[in-house]
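sequence plus predicted model, see below.
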Amino acid sequence: MIVEIIISLILYSIYIQFSSSMGNIWIRKNHNNENILCLSNLLILIFKPLTEWYFWSINFLSINYWIYLIIILIIFNTNKFYS
């Protein structure tokens, strides 16, 4: 289960960072135009669906971490079932 969580977190983080609809969530430019790491922004985005209902609407499913986790769990469990 831990492997699935880590894989879903990595895939989600990469998608969110380089997505044309979101982008620049956890790697941002500071006031000196230098890239900085802002992991707090990623954590906020991960936990926001637990407090804001609109993250479960169709428009926001692509940035909802919990959807990624559910899909990864289904994929891994289906693969284990058929192995």
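Received the coordinates, thanks.

can you give me the helices in the chain?
Residue ranges of the helices in the chain, as given by DSSP state H, are 2-18, 39-47, 65-82.

so which of those helices comes closest to Trp53?
Proximity to Trp53 (C-beta to C-beta) singles out helix 65-82 among the helices of the chain, at 12.7 Å. In this view, the C-beta of every residue, glycine as well, is placed from N, C-alpha and C.

so which of the helices of the chain gets nearest His31?
Once C-beta to C-beta is applied to the helices of the chain, the stretch that comes out nearest is helix 39-47, at 16.2 Å.

would you check how far apart the residue nearest the centre of the chain and Phe18 are?
Relative to the mean C-alpha position of the chain, the nearest C-alpha, by C-alpha atoms, centre = their mean, is the one of Tyr12, at 3.2 Å. Applying C-beta to C-beta, to the nearest Å, one obtains 12 Å for the distance of Tyr12 from Phe18.

my read is that the residue nearest to the centre of the chain contacts Ile70, right?
No. Taking contact to mean C-beta atoms under 8 Å, the distance of 11.6 Å between Tyr12 and Ile70 leaves them out of contact.

list the contacts for the residue nearest to the centre of the chain?
With contacts defined as C-beta atoms under 8 Å, 6 or more residues apart in numbering, Tyr12 is in contact with 46, 65, 68-69.
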